[in-house]
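**Student:** Requesting a structural model of the entry that follows:
(one chain, ligands or ions: 1)
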Amino acid sequence: MVKIGHLINGELREDAKRVHDIFNPATGEVIRQTGLASRETVEEAIGAAADAFPGWRATTPLKRARIMFRFRELLAENIDTLAAMAGEEHGKILHDARGEVLRGIENVEYACYAPELLKGEHSRNVGTAIDSWSEFQPLGVVAGITPFNFPAMVPLWMYPLAIACGNCFVLKPSERDPSVPLFIAQLLHQAGLPKGVMNVVNGDKEAVDTLLLDKRVQAVSFVGSTAIAEHVYQTATGSGKRCQALGGAKNHAIVMPDADLESAVSVLVGAAFGSSGERCMALAVAVVVGDEVGDRLVSRMKKRMETLKVGAYDNDQNDFGPVITRQHMEKVNGYISSAQEHGAVIEVDGRNPHIAGYENGFFVGGTLIDRVTSEMVCYKEEIFGPVLLVMRVENMQQALELINTHEYGNGSCIFTRDGEVAHYFSDHVKTGMVGINVPLPVPVAFHSFGGWKRSLFGDLAAYGPDGVRFYTRRKTITQRWPSAGVREGAQFSFPS
Ligand code: NAD
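**Tutor:** Residues are numbered from 1 along each chain as shown. Prediction:
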């Protein structure tokens, strides 16, 4: 059985005393294994990054950016290979996987701006003949810990920018689909990155905790579930590190009575069921204003869902694939059963679908649950499956109240034709990313990505301008060159 190793100091390495099975979720078969790095292996990766740092820090931003340019080209050339790798281990359909890689490439393009992004701020004559400027210096060794659901894009949110800013990186991707991040890191070396600047260790809690506690690691970017995000944030900051930890989500879409229902239905279907709902920005709840609109929405959704195609990643005709593991499939089915037991109405039941030729796959079909209430577990928790809940309220304020009192605050959106309503909503909603007639408002690479409440621990969001601030430290320098012969005496009052 092939074992996926680690990339340390530019070399592929094995440390597979402990392993984790990798499945093809469409067939349910184990296709390879991930070697789970020991503490010593992770420490070696941190050491390689620490050794590479002085040279990389001294490399000009323009030279770093040129490597990113070549990296960008290699990613674009390998997009089909990457999509197939992601599809096989994650289950997402090729068209969806290609989209993920493209969104990842956007972040590399942003990192190509490094010389511009690191320009700093300058003020002349802050005092007589005194100039002052702020510059943004790299932190040193930075770690990234990423989830299974975007094996290409989420790591690309982190290290291209961190590296372009002059840091050295250790990535710990998800042990469930590690081939894509490892392959991409090899492309970065092909693009000319010096050894040790970027390292990948595959692993589990042992690897993560080593990264969180090692004093050489200056900052940690994490993306994953809220429980682990909180653990990572507390441990990393407790050990004196800067940390941004992005967690789970429950994204609501408000459907107003004046919305273009036909287009709302089509985008809701894509945003709720695309990638089997395993996206942190997936729409999980449709909050419909008015019972009559609710009835119309549910009936149109049911009709549209009859045409959903669920299957394996390598058929581009499929809309979405399986969920990641058998255990996760059972968890999603459990949420559907619990909704039913608590009085919700299962309008479309995706439990145990028959997918010809893939009887052992981890499939859940598109599921639509109506008459959900805020006390139900299926509403309170993140399901992370192809399940759309429908809730009915009487007015926009009630819809807003639901969103604002939910534990999570990643994304939300509203479907309406009324600009005033849309403006009020975007102004008052307590989520970090908002869509107006846009179902998945994932910010482009030159903005930043981050939720509110328990969807993000830390002050700075991922990538974009916040990413530059996260991966650099401000230093402000004040300078005067006294003219020959002019000497000031000692001053004891505060300089002003
Ligand atoms: P996860 O929390 O299980 O794993 C994320 C990472 O943490 C992995 O690398 C994993 O190996 C590591 N990990 C798992 N258990 C750990 C432990 N006990 N101690 C230390 N490290 C541990 O998440 P997942 O199932 O891979 O991904 C799905 C979750 O990620 C969902 O909750 C989803 O909403 C969230 N997510 C959030 C965003 C965002 O931007 N907010 C983006 C993508 C995914």
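**Student:** Check which residues of the helix or strand hosting residue 44 are buried.
**Tutor:** Assigned by DSSP states H and E, residue 44 falls within helix 39-58. Buried residues in helix 39-58, counting neighbours by 16 or more other CB atoms under 10 Å, are found at 41-50, 52-53, 56. Backbone N, C-alpha and C define where each C-beta goes, glycine included.
**Student:** ditto for stretch 303-311
**Tutor:** Quick answer for stretch 303-311 (16+ other CB under 10 Å): 304, 305, 308, 310, 311.
**Student:** Within range of the ligand, give me the residues from the chain.
**Tutor:** Applying CB under 6 Å from any ligand atom, we find that the chain lies next to the ligand at 145-150, 154, 172, 174-175, 204-205, 208, 223-225, 228, 231, 246-249, 280, 382, 384, 410, 451, 455.
**Student:** which stretches of the stretch 101-250 of the chain form helices?
**Tutor:** 114-117, 153-164, 179-190, 205-213, 226-238 (DSSP state H, counting those that start in this stretch).
**Student:** Show me which of these has the highest average neighbour count.
**Tutor:** helix 153-164 (a mean of 28; mean count of other CB atoms under 10 Å).
**Student:** For that one, name the packing helices and strands.
**Tutor:** helix 61-77, helix 94-111, strand 141-145, strand 168-172, helix 179-190, strand 217-223, helix 464-470 (3 or more CB pairs under 8 Å, 6 or more residues apart in numbering; DSSP states H and E).
**Student:** how many other residues sit next to the residue of the stretch 151-300 of the chain found nearest the ligand?
**Tutor:** Nearest residue of the stretch 151-300 of the chain to the ligand, counting by CB to the nearest ligand atom: residue 224, 2.6 Å away. Residues lying near residue 224 (other CB atoms under 10 Å) number 22.
**Student:** what residues are up against it?
**Tutor:** By CB atoms under 8 Å, 6 or more residues apart in numbering, the contact set of residue 224 is 145, 146, 147, 232, 246, 247.
**Student:** at 6 Å what do you get?
**Tutor:** residue 147 (CB atoms under 6 Å, 6 or more residues apart in numbering).
**Student:** before we move on, what about residue 406?
**Tutor:** Neighbours of residue 406 in contact, by CB under 6 Å, 6+ apart: residue 250.
**Student:** hmm, try it at 10 Å
**Tutor:** 249-252, 285, 374, 379-380, 412, 430-431, 453-455 (CB atoms under 10 Å, 6 or more residues apart in numbering).
**Student:** Read off the pLDDT value for it.
**Tutor:** Residue 406 is assigned a predicted lDDT (pLDDT) of 98.
**Student:** hang on, isn't residue 5 packed against residue 14?
**Tutor:** Yes. If you go by CB atoms under 10 Å, residue 5 and residue 14 touch, sitting 4.5 Å apart.
**Student:** the helices in the stretch 351-496 of the chain, which residues?
**Tutor:** Under DSSP H, counting those that start in this stretch, the stretch 351-496 of the chain gives helices at 377-380, 396-405, 419-428, 464-470.
**Student:** these two touch, right, residue 97 and residue 90?
**Tutor:** Yes. Taking contacts as CB under 10 Å, residue 97 lies within contact range of residue 90: 7.5 Å.
**Student:** which residues are in contact with both of those two?
**Tutor:** By CB under 10 Å, 6+ apart, the residues touching both residue 97 and residue 90 are 150, 151, 152, 180, 275, 313, 321.
**Student:** picking up where we left off before, so which of the buried residues of stretch 303-311 comes closest to residue 362?
**Tutor:** residue 310 (11.3 Å; CB to CB).
**Student:** Dig out what that closest one forms beta bridges with.
**Tutor:** residue 320 (DSSP bridges).
**Student:** got a list of what it touches?
**Tutor:** 93, 273, 276, 318-322, 350, 353, 355, 358, 361, 363-366, 386.
**Student:** Residue 288 now?
**Tutor:** Residue 288 neighbours (CB under 10 Å, 6+ apart): 253-257, 259, 261, 264, 294-298, 370, 390-393, 399, 415.
**Student:** start to end distance for stretch 460-468?
**Tutor:** Stretch 460-468 has an end-to-end distance of 10 Å (criterion: CA to CA, to the nearest Å).
**Student:** Please compute how far that stretch lies from its chain's middle.
**Tutor:** Centroid separation for stretch 460-468 versus its chain: 12 Å, with CA atoms, centre = their mean, to the nearest Å.
**Student:** per-residue confidence averaged over that stretch?
**Tutor:** 98.
**Student:** So which bits of that stretch are buried?
**Tutor:** In stretch 460-468, counting by 16+ other CB under 10 Å, buried: 460, 461, 462, 463, 464, 466, 467, 468.
**Student:** how about JSON lines for these, with distance to residue 31 added?
**Tutor:** Listed next are the buried residues of stretch 460-468 as JSON lines, based on distance: CB to CB, whole Å:
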{"residue": "460", "distance to residue 31": "37"}
{"residue": "461", "distance to residue 31": "35"}
{"residue": "462", "distance to residue 31": "30"}
{"residue": "463", "distance to residue 31": "31"}
{"residue": "464", "distance to residue 31": "35"}
{"residue": "466", "distance to residue 31": "37"}
{"residue": "467", "distance to residue 31": "34"}
{"residue": "468", "distance to residue 31": "38"}
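**Student:** In terms of distance to the ligand, which of those ranks first?
**Tutor:** Closest to the ligand, out of all of the buried residues of stretch 460-468 and judged by CB to the nearest ligand atom, is residue 462, at 6.6 Å.
**Student:** Now for that closest one: which residues touch it?
**Tutor:** 107, 144, 154, 157-158, 161, 221-223, 244, 246, 443, 448-450, 456, 470.
**Student:** Can you pull out the low-pLDDT segments for the protein?
**Tutor:** Residue ranges of the chain with pLDDT under 70: 484-487.
**Student:** coming back round to it: need the CA coordinates for the helix holding residue 44. CSV is fine.
**Tutor:** Output of helix 39-58 as CSV, limited to C-alpha atoms (Å, rounded to 0.1, in the frame of the first residue of the first chain):
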residue,chain,number,x,y,z
ARG,A,39,7.0,14.7,17.3
GLU,A,40,10.6,14.3,16.2
THR,A,41,9.7,14.5,12.5
VAL,A,42,7.7,17.7,13.0
GLU,A,43,10.6,19.1,15.0
GLU,A,44,12.8,18.3,12.1
ALA,A,45,10.5,20.2,9.7
ILE,A,46,10.4,23.2,12.1
GLY,A,47,14.2,23.1,12.2
ALA,A,48,14.5,23.1,8.4
ALA,A,49,12.2,26.1,8.3
ALA,A,50,14.2,27.9,11.0
ASP,A,51,17.5,27.2,9.2
ALA,A,52,16.1,28.5,5.9
PHE,A,53,14.7,31.7,7.4
PRO,A,54,17.7,34.0,7.5
GLY,A,55,18.4,33.4,3.8
TRP,A,56,14.8,33.7,2.7
ARG,A,57,14.2,36.8,4.8
ALA,A,58,17.2,38.4,3.0
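**Student:** That helix vs helix 61-77, what angle?
**Tutor:** In terms of direction (axes from the mean of the first three to the mean of the last three CA atoms, to 10 degrees), helix 39-58 departs from helix 61-77 by 120 degrees.
**Student:** tell me what helix 39-58 is packed against?
**Tutor:** strand 6-8, strand 11-13, strand 130-138, strand 141-145, strand 168-172, strand 198-200, helix 205-213, strand 217-223 (3 or more CB pairs under 10 Å, 6 or more residues apart in numbering; DSSP states H and E).
**Student:** out of everything not next to it in sequence, what's closest to the most centrally placed residue in the chain?
**Tutor:** Centroid-nearest residue in the chain: residue 154, 4.5 Å away (criterion: CA atoms, centre = their mean). Take residue 154 and drop its neighbours on the chain: the residue closest to it by CB to CB, 6 or more residues apart in numbering is residue 146, 4.6 Å away.
**Student:** Appreciated, that's everything.
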